[in-house]
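Student: here is a sequence with its predicted model. Questions after.
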Protein chains: 2
Amino acid sequence: MAQSKPDIPPLKDLTIDNITENVIRINSQCRDTRLKYVLERLVSHMHDFARETRLSTQEWHAGIQFLTEVGKKCTDVRQEFILLSDTLGLSLLVDSIDHPKPPSSTEGTVLGPYHTHDAKSEHLGHSISADPDGTPLLVLCTVRTTSGAPIPNVKIDVWETDSKGAYDVQYESYSGDNPDGRAVLRSDEEGLFWFKAIVPVPYSIPDDGPVGVMLRRLGRHPWRPSHMHFMFEKEGFDHLITALYLRGDPYETSDAVFGVKESLIVDLGTVTPEQAKEYDIKEGSKLLKYNFVLVTDEETKILKDNEALKAMKALGREDLKIIEGLPVPDVD
Amino acid sequence: MAQSKPDIPPLKDLTIDNITENVIRINSQCRDTRLKYVLERLVSHMHDFARETRLSTQEWHAGIQFLTEVGKKCTDVRQEFILLSDTLGLSLLVDSIDHPKPPSSTEGTVLGPYHTHDAKSEHLGHSISADPDGTPLLVLCTVRTTSGAPIPNVKIDVWETDSKGAYDVQYESYSGDNPDGRAVLRSDEEGLFWFKAIVPVPYSIPDDGPVGVMLRRLGRHPWRPSHMHFMFEKEGFDHLITALYLRGDPYETSDAVFGVKESLIVDLGTVTPEQAKEYDIKEGSKLLKYNFVLVTDEETKILKDNEALKAMKALGREDLKIIEGLPVPDVD
């Protein structure tokens, strides 16, 4: 039972009024200056939350119990903490902070808990859905820079539910080796990519766990409007996580995870006889067309640094440096 | 797949700047006005935390992963979320808010994750520890009101570690039917209670889980100074959760969970020949004497309401009512 007396300020007689500064002081032994700053803000907000609500021991217990249940609900294919973050708007906020977009580019939105690394690389034109009950859809897209140049060889992850609103990972039979409703594609030399899919449907986020209980207590529904997820990766460009939504969906303005943006809402068209022949799909099938615009890492860096500096100024914290877009205390 | 279009404000195009008010608006459908207020402050602080740190997607992922691991570490006999709350000072803060103490009374401190409901009711004089390696200790206490009147028949929970710093629930062999180092006692007609125990030793909080990883990354040690826990329950009096600490402990001023208060530090004495005979313990054994002072529910209510009103005024939130010591929005 080795014991040592560390060299830290004396912590005794801590009260409602002085505990926060003392916890921050002891945490300031941390050598990772970014982590130290994140913990400083975390402790400060957590304590202010308790002080402002006059949080009772009973409520604190209920909170501990809730978080424990959220943790217990997590499995390899279900991430209840992401669901919690999504339903409290944190996920969309973090995406907006981390991936600022200039006006001419495609906006990002929530990743959600259903992206996997199980999708297989497929050729353009691949049919990603095996669901015979889905309404056939041809997806025809371009990927370009903010100045309109095509971007070839972009890695594009796409994923959607089946016609009943379930992702493959939600199937009892899911093993990781049998992905469905998802694929990884590459844009061609002209920045084009296309694939066959099914028309997305609205679905309920899993509400048989603690997050579902929370939504019911808050009087909220668990529905997401019909959408298809897209994720774009290409060296030199900012990672884009986004989704396209169908106009007129009953949940278009009440997405349980706050993901809908006007610029991401699409009207479906109809496949023409020429397209039917070219893409080997039934004439009259539904058609989704979209032009995605990626932002370079450089453009993103300038935007992020500016936003971070503005936020730090607003906080009165100008004794900070921005390193890789993230504020850290200036320890010089 | 029943779908309904709920009557809520349109949520679309949410940004860094407007998402917080919109999440609060949709949560305001909650009919429990207290929960609504708690969620309003929670969402507000969580979002401000992300904005002020410019939290990156990678850091958010690390946070989700950390919380998931904390949840996975929880069992019937290990509560990693309480440990997290303890080590970030939240537990002590909540106790201070929920159980304000007038100057003449015994201060409270952290409950910790080791209280159980397995302890048996024992007669005064009972020896709570079966550990043959512990240093024998006689504990002689009184329980009184703030005006000095003895309080009989108070239910007193006491618990401590063995001589190696382990609680019974940490033993492999622990089943719930074989408690050790803990008991439930009742004060006598004169407000006295006494029992035999062993001299407390410092111990490390369990640091083989994610909270241990966090402490190491923060450059903090996981030690708690030697202490014995006490919990007092009696109708008409505010529940008192406290502990007594030994003066001169190497961790007296660096408790990993911020629990030490000067008024709770004791100097051990020595059992006299008369005491040895009266309490059936070896002469020269260590002696812990303490006079506990409980606060009535009424005194506590007045203190809590005043503190809550002051805090609400400081927040500029005077449109709130204080119900059972807890602020709720005034919905009249």
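Tutor: Okay, I see it. Numbering: from 1, shown residues only, chains lettered A, B, ... in the order given.
Student: could you pull out the helices for the stretch 51-200 of chain A?
Tutor: A:57-73, A:80-87, A:90-98 (DSSP state H, counting those that start in this stretch).
Student: out of those, nearest to chain B?
Tutor: Chain B sits nearest to helix A:57-73 of all these, at 1.0 Å, using C-beta to the nearest C-beta. For every residue, glycine as well, the C-beta is placed using N, CA and C.
Student: that closest one near chain B anywhere?
Tutor: Yes. Residues of helix A:57-73 contacting chain B under C-beta under 8 Å from any C-beta of the partner chain: A:57, A:59-60, A:64, A:67-72.
Student: before we move on, the earlier item: now the helices of the stretch 51-200 of chain A in a markdown table, with mean pLDDT and mean neighbour count?
Tutor: Output for these, formatted as a markdown table (pLDDT from 0 to 100; neighbours: other C-beta atoms under 10 Å in any protein chain shown):
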| stretch | mean pLDDT | mean neighbour count |
| --- | --- | --- |
| helix A:57-73 | 97 | 18 |
| helix A:80-87 | 97 | 24 |
| helix A:90-98 | 96 | 24 |
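Student: list the residues that contact residue A:220.
Tutor: Contact analysis of residue A:220 by C-beta atoms under 8 Å, 6 or more residues apart in numbering or on different chains lists A:87, A:256, B:6, B:26-27, B:29.
Student: if we go to 7 Å?
Tutor: Contact analysis of residue A:220 by C-beta atoms under 7 Å, 6 or more residues apart in numbering or on different chains lists A:256, B:26, B:29.
Student: those residues in helices, which ones?
Tutor: residue B:26 (DSSP state H).
Student: and the contacts of residue A:220, which is the shakiest by pLDDT?
Tutor: Ranked by pLDDT, the contacts of residue A:220 bottom out at residue B:29, which has 90.
Student: what's the closest non-adjacent residue to that one?
Tutor: In space, residue B:29 comes closest to residue A:219 once its chain neighbours are excluded; the distance is 3.5 Å by C-beta to C-beta, 6 or more residues apart in numbering or on different chains.
Student: who in the stretch 201-332 of chain A is up against chain B?
Tutor: A:202, A:217-221, A:223, A:250, A:253-255, A:258, A:260-262, A:308, A:311, A:315, A:325-327 (C-beta under 7 Å from any C-beta of the partner chain).
Student: secondary structure element for residue A:214?
Tutor: Per DSSP states H and E, residue A:214 falls inside helix A:210-217.
Student: direction included, what does the next helix or strand along the chain from that helix pair up with?
Tutor: Using DSSP H and E, the helix or strand that follows helix A:210-217 in sequence is strand A:223-224. According to DSSP bridges, strand A:223-224 forms sheet pairs with strand A:203-204 (antiparallel).
Student: roughly how far is the strand it pairs with from the heart of the chain?
Tutor: 17 Å (C-alpha atoms, centre = their mean, to the nearest Å).
Student: same question for stretch A:236-250.
Tutor: 11 Å.
Student: what's the answer for stretch A:45-53, then?
Tutor: With C-alpha atoms, centre = their mean, you get 27 Å for stretch A:45-53.
Student: got the CA coordinates for that stretch in CSV?
Tutor: C-alpha atoms of stretch A:45-53 as CSV (Å, rounded to 0.1, in the frame of the first residue of the first chain):
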residue,chain,number,x,y,z
HIS,A,45,-20.5,23.7,-16.1
MET,A,46,-21.4,20.5,-14.1
HIS,A,47,-21.1,22.4,-10.8
ASP,A,48,-23.0,25.4,-12.1
PHE,A,49,-25.7,23.0,-13.3
ALA,A,50,-26.0,21.6,-9.7
ARG,A,51,-26.0,25.1,-8.1
GLU,A,52,-28.5,26.6,-10.5
THR,A,53,-30.9,23.7,-10.1
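Student: what comes into contact with that stretch?
Tutor: Residues outside stretch A:45-53 that contact it (C-beta under 7 Å, 6+ apart): A:16, A:19-20, B:37-38, B:41-42, B:45, B:48-49, B:88-90, B:93-94, B:97, B:311, B:315, B:327.
Student: also stretch A:277-297?
Tutor: So stretch A:277-297 is contacted by A:101-102, A:104-106, A:125, A:135-146, A:151, A:194, A:196, A:199, A:232, A:234, A:236-238, A:240, A:244, A:266, A:268-271, A:273, A:276 (C-beta under 7 Å, 6+ apart).
Student: PyMOL command to pick out the buried ones of the residues of the stretch 201-332 of chain A next to chain B?
Tutor: Buried residues within those, by 16 or more other C-beta atoms under 10 Å in any protein chain shown, are selected in PyMOL with:
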select buried, chain A and resi 202+218+219+220+221+223+254+255+258+260+261+308+311+325+326+327
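Student: among the residues of the stretch 201-332 of chain A next to chain B, which lie within strands?
Tutor: A:223, A:326-327 (DSSP state E).
Student: now those in a markdown table, please, with extra columns for pLDDT.
Tutor: Converted to a markdown table, those look like this (pLDDT from 0 to 100):
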| residue | pLDDT |
| --- | --- |
| A:223 | 97 |
| A:326 | 90 |
| A:327 | 90 |
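Student: distance to residue A:285 for these - can I get that in TSV?
Tutor: Listed next are these as TSV, based on distance: C-beta to C-beta, whole Å:
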residue	distance to residue A:285
A:223	26
A:326	46
A:327	49
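Student: from the residues you listed, pick the one nearest residue A:160.
Tutor: Nearest to residue A:160 among those is residue A:223, at 15.7 Å by C-beta to C-beta.
Student: what about the closest residue in space to the closest one that isn't next to it in sequence, how many neighbours?
Tutor: Spatial nearest neighbour of residue A:223, excluding adjacent residues (C-beta to C-beta, 6+ apart): residue A:251 at 4.6 Å. Using other C-beta atoms under 10 Å in any protein chain shown, residue A:251 has 24 other residues around it.
Student: ok, now which ones touch residue A:251?
Tutor: Taking C-beta under 7 Å, 6+ apart, one finds A:202, A:223-225 in contact with residue A:251.
Student: farthest pair in those residues?
Tutor: A:223 and A:225 (7.4 Å).
Student: joint contacts of those two?
Tutor: A:202, A:251.
Student: do a quick rundown of the strands in the stretch 51-200 of chain A.
Tutor: A:136-145, A:155-159, A:182-186, A:192-198 (DSSP state E, counting those that start in this stretch).
Student: which parts of the third one are buried?
Tutor: This means strand A:182-186. A:182-185.
Student: angle of it against strand A:192-198?
Tutor: 170 degrees (axes from the mean of the first three to the mean of the last three C-alpha atoms, to 10 degrees).
Student: right, I'll leave it there.
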